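Enquirer: Sequence isn't available, so here's the structure alone:
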């Protein structure tokens, strides 16, 4: 398993691969899900926040944050192991920490473990420009052999 | 706190209250989120599964399941305490257990605790007609005073 | 995998197997961990609560509850698959719901999934005689092939 | 709430306060729980690993890791708010990542949120000298007013 080597997929590879699976990746403007960086055991993604992500009061909805964090973990894993479409989330825990601002949301993901069968990572979500995380997640993916 | 009494909101009350907050509640057909039962410290909801909830291979997506489970917990809480819009999820753990079928999804929620500040519940998700849960979640909501 | 058949280990088998791994299983009186029932995809265990499990104020400590829930999940799994010593916890989420009484603690465990590589279950913890759970946990074990 | 100021308790204050609550804090040698650093929204603790923390095969047990992580989160919170004995864990998620070595275990805790009612933090556990975390936890404490 490619744990400590450079990622095997570039940002462009990843964006192209994701586009087939997540329609919002192809989208322009609001709702677009953008791979900003694929790093060693890590990645950074951005969600262009639009009206349909908001709850009354202008806050980004929990499911939107879950989606972004889940995709970020998937991207960090594929960055190391290549385009394994059938990797699936087995468990996910998310803590909602503070009210997000009505701005783009950034996910910073870091893998904690990349095993043969399981990968575990953590994701911090930030409102763009903001200092403190608005949510924090840890999740596990099962990797098919 | 109304822990052991009958729910204070009927299925119709709830459906009407939710409609303002979750546009998909008003929807007809695919994507509709339906309150089927509001019981004592519990509820049952249904999601009319459509193409946009599916991932390649025809399986219901993780974020779709998260959304359904999160809303079910919200509904079970409001059933006991009334329409407190500002109750917010503070943490959520979901275990994905098996591939869901391409059928409607049912959420069965049960509150484990209803305190003054926090409510905790569990949600089992089933494919309609199926025996074993496809996912299981526990979550916490903060209840504003 | 033996998912829907009767357990393959009896209460006595289990108690004997555990004794080698958890010294407290052999113990008499306070601190003893007792397998009360091994059922289909389930088990019930009891902890004889003693002074060393208590925190100031007389409440059972969080780590004590974690230990009991973790062992109960292990027992429910082994009940179905036999004495696989190297099954290990991979993730565990516990919600502490109410102050436990200074009485024995009962764990009721139910498996949600028993796959080839992973087993997932939930555990409700009760103070003996009490109606509502004092804690609720979900956990995952990796099962070596 | 004292979120961004220096800690209000020193390492010595903390060690003294904990000793009353956790007997193992007073202990010498094996089993001792040592506060190594109380920092801004963070702390570092050490567990002197001894035979009673081990499972067959020489690995540190899950409950031992849970205990260390839970105490570390408590210490990081008290470091900011002072000796509030009645802060209690409300939820805790731990991912076990790799087999710990038979060496002392280090917990590095960082608070993600310190609110009026709830504090949320993450804890990474390491075998002394080792590079990669053996476990990772996130937890929530309720803070009484």
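Expert: Everything's here; your move. Nothing here was measured: the structure is a model prediction, and the numbers come from that model.
Enquirer: any chance you could read off phi and psi for residue A:65?
Expert: With angles defined as degrees, to the nearest 10, residue A:65 sits at phi -70, psi -40.
Enquirer: my read: residue A:103 touches residue A:49, true?
Expert: Yes: taking contact to mean Cβ atoms under 8 Å, the distance of 6.5 Å between residue A:103 and residue A:49 places them in contact. To be clear about C-beta, it is placed using only N, CA and C from the backbone, and glycine gets the same treatment.
Enquirer: Between the two, which has more neighbouring residues?
Expert: In this view residue A:103 and residue A:49 are compared by other Cβ atoms under 10 Å in any protein chain shown, and residue A:49 has more residues nearby, 22 against 14.
Enquirer: all strands in chain A, in order from the N-terminus.
Expert: A:33-39, A:42-47, A:54-55, A:59-60, A:88-96, A:105-114, A:118-127, A:135-142 (DSSP state E).
Enquirer: Can I get those in TSV including mean pLDDT?
Expert: Rendered in TSV, the data for the strands of chain A read as follows (pLDDT from 0 to 100):
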stretch	mean pLDDT
strand A:33-39	95
strand A:42-47	96
strand A:54-55	65
strand A:59-60	79
strand A:88-96	96
strand A:105-114	97
strand A:118-127	97
strand A:135-142	97
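Enquirer: out of those, which comes closest to chain B?
Expert: strand A:88-96 (4.3 Å; Cβ to the nearest Cβ).
Enquirer: who does the closest one touch, helix- and strand-wise?
Expert: In terms of contacts (3 or more Cβ pairs under 8 Å, 6 or more residues apart in numbering or on different chains; DSSP states H and E), strand A:88-96 is packed against helix A:62-81, strand A:135-142, helix B:62-81, strand B:88-96, strand D:135-142.
Enquirer: Pipe these into JSON lines and attach mean neighbour count and distance to residue C:85 per row.
Expert: Conversion of these to JSON lines gives the following (neighbours: other Cβ atoms under 10 Å in any protein chain shown; distance: least, Cβ to Cβ, whole Å):
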{"stretch": "helix A:62-81", "mean neighbour count": "25", "distance to residue C:85": "30"}
{"stretch": "strand A:135-142", "mean neighbour count": "25", "distance to residue C:85": "23"}
{"stretch": "helix B:62-81", "mean neighbour count": "25", "distance to residue C:85": "33"}
{"stretch": "strand B:88-96", "mean neighbour count": "25", "distance to residue C:85": "24"}
{"stretch": "strand D:135-142", "mean neighbour count": "25", "distance to residue C:85": "20"}
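Enquirer: So which bits of chain A are right by chain D?
Expert: Within chain A, the positions adjacent to chain D are A:93, A:95, A:97-98, A:112-113, A:120, A:122, A:132-133, A:136, A:138, A:140 by Cβ under 8 Å from any Cβ of the partner chain.
Enquirer: let's see 10 Å
Expert: Taking Cβ under 10 Å from any Cβ of the partner chain, the part of chain A that reaches chain D is made up of A:3-4, A:91-98, A:112-113, A:115, A:118, A:120-122, A:124, A:132-140.
Enquirer: Against residue B:130, how distant is the residue nearest the centre of chain A?
Expert: Most central in chain A under Cα atoms, centre = their mean is residue A:72, positioned 1.4 Å from the mean C-alpha point. As defined by Cβ to Cβ, to the nearest Å, residue A:72 lies at a distance of 30 Å from residue B:130.
Enquirer: Not counting sequence-adjacent ones, nearest residue to residue A:14?
Expert: With sequence-adjacent residues excluded and distances taken as Cβ to Cβ, 6 or more residues apart in numbering or on different chains, residue A:14 is closest to residue A:35, at 4.8 Å.
Enquirer: ok so, going back, now tabulate the strands of chain A in CSV and tack on distance to residue A:81.
Expert: Below are the strands of chain A laid out as CSV (distance: least, Cβ to Cβ, whole Å):
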stretch, distance to residue A:81
strand A:33-39, 12
strand A:42-47, 13
strand A:54-55, 35
strand A:59-60, 30
strand A:88-96, 14
strand A:105-114, 7
strand A:118-127, 8
strand A:135-142, 10
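Enquirer: between these, which one is nearest to residue B:85?
Expert: If you check each of those against residue B:85 by Cβ to Cβ, strand A:54-55 wins as the nearest, at 9.4 Å.
Enquirer: Can you name the residues of chain A sitting close to chain C?
Expert: Within reach of chain C by Cβ under 10 Å from any Cβ, chain A has these residues: A:90-91, A:93, A:113, A:115, A:117-118, A:120, A:138-140, A:142, A:145.
Enquirer: Which pLDDT value goes with residue A:2?
Expert: For residue A:2, the pLDDT comes out at 53.
Enquirer: Greatest separation within the residues of chain A next to chain C: which pair is it?
Expert: Greatest spatial distance among these (Cβ to Cβ): A:93 and A:145, at 25.6 Å.
Enquirer: Regarding stretch A:129-144, how distant is the last residue from the first?
Expert: Across stretch A:129-144, the terminal residues are separated by 37 Å (Cα to Cα, to the nearest Å).
Enquirer: Please disregard the earlier target; I meant stretch A:86-106.
Expert: Stretch A:86-106 has its terminal residues 25 Å apart, counting by Cα to Cα.
Enquirer: quick one: that stretch to chain centroid distance?
Expert: Counting by Cα atoms, centre = their mean, to the nearest Å, stretch A:86-106 is centred 8 Å from the centre of its parent chain.
Enquirer: contacting residues around the residue nearest to residue A:14?
Expert: Contact criterion Cβ atoms under 10 Å, 6 or more residues apart in numbering or on different chains gives A:9-18, A:25, A:43-46, A:71-72, A:75, A:79 as the residues in contact with residue A:35.
Enquirer: hey, what's it bridged with?
Expert: Listed by DSSP bridges, the beta-bridge partners for residue A:35 are residue A:45.
Enquirer: ok, of the residues of chain A next to chain C, which one's closest to residue C:65?
Expert: residue A:93 (18.3 Å).
Enquirer: separation between the closest one and residue A:64?
Expert: According to Cβ to Cβ, residue A:93 stands 17 Å off from residue A:64.
Enquirer: now swap in residue A:130 and tell me
Expert: Residue A:130 sits at a distance of 16 Å from residue A:64 (criterion: Cβ to Cβ).
Enquirer: now residue A:94
Expert: Distance of residue A:94 to residue A:64, given as Cβ to Cβ: 11 Å.
Enquirer: can you check residue A:75 too?
Expert: When distances are taken as Cβ to Cβ, residue A:75 and residue A:64 turn out to be 17 Å apart.
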